[in-house]
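# what shape does this take:
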Amino acid sequence: MRAIFPKNKTVMTEATLRAILCPCCKQLLYALEPDVRGGWRLTKDSPAITNDQNGPFMKCPRCSRRIAMIKSQDSPERGDPPYFVASKQACDKFLR
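This is a model prediction of the structure:
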């Protein structure tokens, strides 16, 4: 079977950005872009990942909540992002 595409149309075969939403306010939390090794990295306008006694987190730029992150255990050569948003969040924790 052969795919047929309209003439003069560009077909994108690779992802250029991944947008990750805040689990508390459902707005854009951060974005990932491909890196040179075939993996993903935070875009320059994404919030920084910092650490405290409870582990890595990001401050949501929209709602100012503390969003818990989990460091990826997989190798970056597999193309996985270095961090993931934790499945359980305390959406009642605001940061100043």
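# low-confidence regions, the chain specifically.
The chain contains residues with pLDDT under 70 at 1-15, 74-79.
# switch to 80 and redo it
Counting by pLDDT under 80, the chain contains low-confidence residues at 1-15, 37-38, 73-81, 96.
# and for the residue lying closest to residue 65 once chain neighbours are set aside, the neighbour number?
Among residues not flanking residue 65 along the chain, residue 24 sits closest, at 4.8 Å (C-beta to C-beta, 6 or more residues apart in numbering). For glycine as for every other residue, the C-beta is placed from the backbone atoms N, C-alpha and C. Residue 24: 20 surrounding residues under other C-beta atoms under 10 Å.
# what's near enough to touch residue 24?
Contacts of residue 24 were listed using C-beta atoms under 8 Å, 6 or more residues apart in numbering, and they are 60, 63, 65, 67, 89, 91.
# ok, of the residues you listed, which come out buried?
Listed as buried from the contacts of residue 24 are 60, 63, 65, 67, 89; burial here means 16 or more other C-beta atoms under 10 Å.
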